[in-house]
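1. kindly return the folded structure for what I paste below:
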Amino acid sequence: MFQRRPAHERGHGRHGWLDTRYTFSFADYYDPAHMGFRSLRVMNEDRVQPGRGFGMHGHEDMEIVTYVLSGALEHKDSMGNGEVLRPGELQRITAGTGILHSEFNPSAKEPVHLYQIWLLPDRRGHTPSYEQRAFADEEKTNRWRLVASPDGENGSLTIHQDARLSLATLDPGMDLVYPLRLGRHAWLQVLRGQVAVAGQALAAGDGLAVSEEPEVAVVAKEPAEVLLFDLA
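-> Model (predicted):
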């Protein structure tokens, strides 16, 4: 079963310095039909204006993954971490028993375009922790690159959930298949470009929930980038 989540049907928040799209219910956007998918709880596509950002705020009991598509995002937290996240880099925060952090666009001219993703953890009360990894373009060109997993396999980020996140950038006409084990589910998020899956056209911002299928076969209609979640 394939169920498309069109980009234009997502929730929308516009706050002057922030333009954001919510795949699932978040903040003031509430839709009982879109509360998440399996352990995937939040999928926000954010555009933050130069010199602006999210001040210090708290999280707990959530696995937070951030991926920057363009621009840069400066992160500071109560664990003493201070990093700048750039395109091709992913960040993982285990909020666990509680953290404070801020996210800021340090540029004076360039907006930052990013996805922030929350997954429910496998249990409450993990010790807070932080990771950041860069993944070279060639590692994910026309193939799946594992970027987050429960055991940090192949240099991926380590998340406290039975979920595996894979990125791929595709040349036009490329056909890439992701096999799904029995009982597994997938969510495909199109980050850039246009692809087709099971006869359905998907554009940037579209998502696709996949259940009771043996595989996800992605065909690029133009240069594209996709993020696939393999979920219990």
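
2. next one: the residue nearest to H59 when sequence neighbours are not counted relative to D19, how far apart?
-> Spatial nearest neighbour of H59, chain neighbours left out: A95 (3.9 Å); criterion: C-beta to C-beta, 6 or more residues apart in numbering. (Each C-beta comes from the backbone N, C-alpha and C, glycine too.) The gap separating A95 from D19 is 25 Å, by C-beta to C-beta, to the nearest Å.

3. which one of those two has more residues nearby?
-> A direct count of neighbours by other C-beta atoms under 10 Å for A95 and D19 places A95 higher, at 21 against 16.

4. related to what we said a few turns ago, now the residue nearest to H59: how far from Y115?
-> 17 Å.

5. so how far is the strand or helix carrying A186 from its chain's centroid?
-> Assigned by DSSP states H and E, A186 belongs to strand 185-192. In terms of C-alpha atoms, centre = their mean, to the nearest Å, the centre of strand 185-192 is set 9 Å apart from its chain centre.

6. got it, and stretch 43-57?
-> That offset, for stretch 43-57, works out to 15 Å (C-alpha atoms, centre = their mean).

7. in what helix or strand does F54 lie?
-> Judged by DSSP H and E, F54 forms part of strand 53-59.

8. pairing partners for that strand, with directions?
-> Its sheet considered, strand 53-59 pairs with strand 99-104 (antiparallel) by DSSP bridges.

9. which elements pack onto the next helix or strand after the partner strand?
-> Using DSSP H and E, the helix or strand that follows strand 99-104 in sequence is strand 112-119. Contacts defined by 3 or more C-beta pairs under 8 Å, 6 or more residues apart in numbering; DSSP states H and E place strand 112-119 against strand 40-48, strand 63-70.

10. next up, the contacts around the most centrally placed residue in the chain.
-> What sits nearest the mean C-alpha location of the chain, by C-alpha atoms, centre = their mean, is I117, with 4.4 Å. Shown in contact with I117 (C-beta atoms under 8 Å, 6 or more residues apart in numbering): L40, V42, M43, N44, I64, V65, T66, Y67.

11. and those residues, which are buried?
-> Buried subset of those (neighbour count, 16 or more other C-beta atoms under 10 Å): L40, V42, M43, N44, I64, V65, T66, Y67.

12. N44 contacts S25, correct?
-> No. Judged on C-beta atoms under 8 Å, N44 makes no contact with S25 at a distance of 11.0 Å.

13. got any residues that touch both of those two?
-> Common neighbours of N44 and S25 (C-beta under 8 Å, 6+ apart) do not exist.

14. make JSON lines from the contacts of I117 and add pLDDT to it.
-> Listed next are the contacts of I117 as JSON lines, based on pLDDT from 0 to 100:
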{"residue": "L40", "pLDDT": "98"}
{"residue": "V42", "pLDDT": "98"}
{"residue": "M43", "pLDDT": "98"}
{"residue": "N44", "pLDDT": "98"}
{"residue": "I64", "pLDDT": "98"}
{"residue": "V65", "pLDDT": "98"}
{"residue": "T66", "pLDDT": "98"}
{"residue": "Y67", "pLDDT": "98"}
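
15. now distance to P121 too, for those residues, in TSV please.
-> Below are these laid out as TSV (distance: C-beta to C-beta, whole Å):
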residue	distance to P121
L40	12
V42	13
M43	17
N44	18
I64	10
V65	12
T66	16
Y67	19
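
16. tell me the one of these nearest E153?
-> V65 (15.5 Å; C-beta to C-beta).
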